[in-house]
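Chemist: Generate coordinates for the sequence data below:
(one chain, ligands or ions: 1)
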Amino acid sequence: MVQKTPYIWFDGNLVPWDEAQVHVLTHALHYGVGVFEGIRAYNCGDCSAVFRLPEHVRRFFDSARILRMTIPHSEQTITDAIVDTLKANNMKEGYIRPLSFFGAGAMGVLPKDNPVQTIIATWPWGAYLGEDALEKGIRVCTSSFTRHHVNVMMTKSKAVGNYVNSVLAKMEAVDDGYDEALMLDTNGYVSEASGANIFIVRRGIIKTTPLTSILEGITRDSLMVVAKAMGYTVVEQQFTRDELYVADEAFFCGTAAELTPIREVDRRQIGTGEFPISRALQKEFFKVVQGQDPAYEGWLHRYSC
Ligand SMILES: Cc1[nH+]cc(COP(=O)(O)O)c(CN[C@@H](CCC(=O)O)C(=O)O)c1O
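Modeler: Below you'll find the model as predicted:
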């Protein structure tokens, strides 16, 4: 159950958590047209910092543009509202969920008299895939659900409706005893997880899926930059499930997932079961988000509660 916090920003005002409600004829509840973001704030010791806030806010608005939804606020207003909500909730660290959606008004597929509503919620969210996941890695299965064709759903939009595909994949994986689902694209190549991007390490090369059917992950981008700065070769290249099977290491990454090693895929251990490169990247990633690496100060939007 999500842990409540005192306030949610709702169409310009901070309202008590339990009062942030919508009508059951909200268009997005019926037709799935909304956009959202997942953002994390980290405790950096003497203050806190939201990780890559401008990039997340820009993607939030880009997602809306793709869906022909006009968010009735500026990027600056949303940026300020995110920090204000964190402060109002006295959150030195935690997860931030902006959501914008077609509200109640007309019913029917065409949203014509439906206001675009916007909320920003924040709550504590620890290890996305379980406390042991970051340390020991997770077990993954290839999903029977295929990632969206790029002209069926708009996969560069973090659109609410896209996540029916993710929910079905995740439910199937968990019911079958795994921690997460690996989804293939419509051509059968590895795409991403239900809520994270994927990397593999093979013969010292770090490889990730190109920007085809996947969400353009900000953590993915960050890790590519950090890995290159650490001296690794990083390529964006399609790969198949059996290349994943014979990889030396593999990991998922995302705002919620952070960097979660994968220890097994479809009952095949990945590599030796040790993941030194993933571990080194994970260690550097947490130094970066916690403000311990000055080279990445530009990625931190600092604030104090
Ligand atoms: C499909 C998908 N792919 C990749 C990513 C990684 O993107 P980024 O966070 O920018 O690195 C996410 C984020 N998934 C968000 C929602 C998770 C959820 O269960 O809800 C997240 O990680 O916040 C996805 O949902």
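Chemist: From now on I want contacts and neighbour counts done on CA atoms only, so please keep to that.
Modeler: Fine.
Chemist: Hmm, Val35 and Thr64 touching each other?
Modeler: For the record, residue 64 is Ala, not Thr. Yes. In terms of Cα atoms under 8 Å, Ala64 counts as a neighbour of Val35; the distance is 6.1 Å.
Chemist: So which of those two has more stuff around it?
Modeler: The residue with more neighbours, out of Ala64 and Val35, is Val35; 29 against 22, by other Cα atoms under 10 Å.
Chemist: Residues in contact with both of Ala64 and Val35, list them for me.
Modeler: Listed as contacting both Ala64 and Val35 by Cα atoms under 8 Å, 6 or more residues apart in numbering are 100, 157.
Chemist: What are the boundaries of the strands in the stretch 201-305 of the chain?
Modeler: For the stretch 201-305 of the chain, strands defined by DSSP state E, counting those that start in this stretch occupy the ranges 205-208, 233-236, 249-254, 258-265, 268-269, 300-303.
Chemist: quick one: which of these is nearest the ligand?
Modeler: The closest of the strands of the stretch 201-305 of the chain to the ligand is strand 249-254. By Cα to the nearest ligand atom, the value is 3.5 Å.
Chemist: quick one, the closest one and strand 258-265 angle?
Modeler: Using axes from the mean of the first three to the mean of the last three Cα atoms, to 10 degrees, the inter-axis angle of strand 249-254 relative to strand 258-265 is 140 degrees.
Chemist: contact partners of strand 249-254?
Modeler: 193, 195-202, 217-220, 244, 258-263, 270-271, 274-275, 277-278.
Chemist: circling back to that earlier point, reformat the strands of the stretch 201-305 of the chain as a markdown table; add distance to the ligand, mean neighbour count and mean pLDDT.
Modeler: Shown next, in a markdown table, are these (distance: least, Cα to the nearest ligand atom, whole Å; neighbours: other Cα atoms under 10 Å; pLDDT from 0 to 100):
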| stretch | distance to the ligand | mean neighbour count | mean pLDDT |
| --- | --- | --- | --- |
| strand 205-208 | 12 | 20 | 98 |
| strand 233-236 | 15 | 15 | 98 |
| strand 249-254 | 3 | 26 | 98 |
| strand 258-265 | 7 | 25 | 98 |
| strand 268-269 | 23 | 16 | 98 |
| strand 300-303 | 15 | 19 | 98 |
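Chemist: Let's have those strands in a markdown table, adding distance to Met91.
Modeler: Listed next are those as a markdown table, based on distance: least, Cα to Cα, whole Å:
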| stretch | distance to Met91 |
| --- | --- |
| strand 205-208 | 33 |
| strand 233-236 | 35 |
| strand 249-254 | 20 |
| strand 258-265 | 19 |
| strand 268-269 | 39 |
| strand 300-303 | 10 |
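Chemist: For the stretch 51-200 of the chain, which segments are assigned as strands?
Modeler: Going by DSSP E, counting those that start in this stretch, the stretch 51-200 of the chain shows strands at 94-102, 116-123, 138-142, 180-184, 190-193, 197-202.
Chemist: any idea how far stretch 186-193 is from the chain center?
Modeler: 17 Å (Cα atoms, centre = their mean, to the nearest Å).
Chemist: and that stretch, which residues are buried?
Modeler: 189-193 (16 or more other Cα atoms under 10 Å).
Chemist: same thing with stretch 80-97?
Modeler: So, applying 16+ other Cα under 10 Å, buried residues of stretch 80-97: 81-86, 88-89, 91-97.
Chemist: What about these, which are in helices?
Modeler: Of the buried residues of stretch 80-97, the ones assigned to helices by DSSP state H are 81-86, 88.
Chemist: Get me the contact residues on the stretch 1-150 of the chain for the ligand.
Modeler: 38-39 (Cα under 6 Å from any ligand atom).
Chemist: repeat that with 8 Å
Modeler: With the criterion set to Cα under 8 Å from any ligand atom, the stretch 1-150 of the chain comes near the ligand through 37-40, 56, 95, 97, 128.
Chemist: got TSV for the residues you listed, with distance to Trp9 and pLDDT too?
Modeler: Formatted as TSV, those follow (distance: Cα to Cα, whole Å; pLDDT from 0 to 100):
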residue	distance to Trp9	pLDDT
Glu37	14	98
Gly38	15	98
Ile39	15	98
Arg40	16	98
His56	17	98
Tyr95	14	98
Arg97	10	98
Tyr128	24	90
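Chemist: Which two of those residues have the greatest separation?
Modeler: His56 and Tyr128 (18.6 Å; Cα to Cα).
Chemist: In terms of neighbours, single out the busier of those two.
Modeler: Set His56 next to Tyr128 and count neighbours by other Cα under 10 Å: His56 wins out with 19 against 15.
Chemist: wouldn't that one be in contact with Arg40 here?
Modeler: No. Counting by Cα under 8 Å, Arg40 is not a contact partner of His56; they are 10.0 Å apart.
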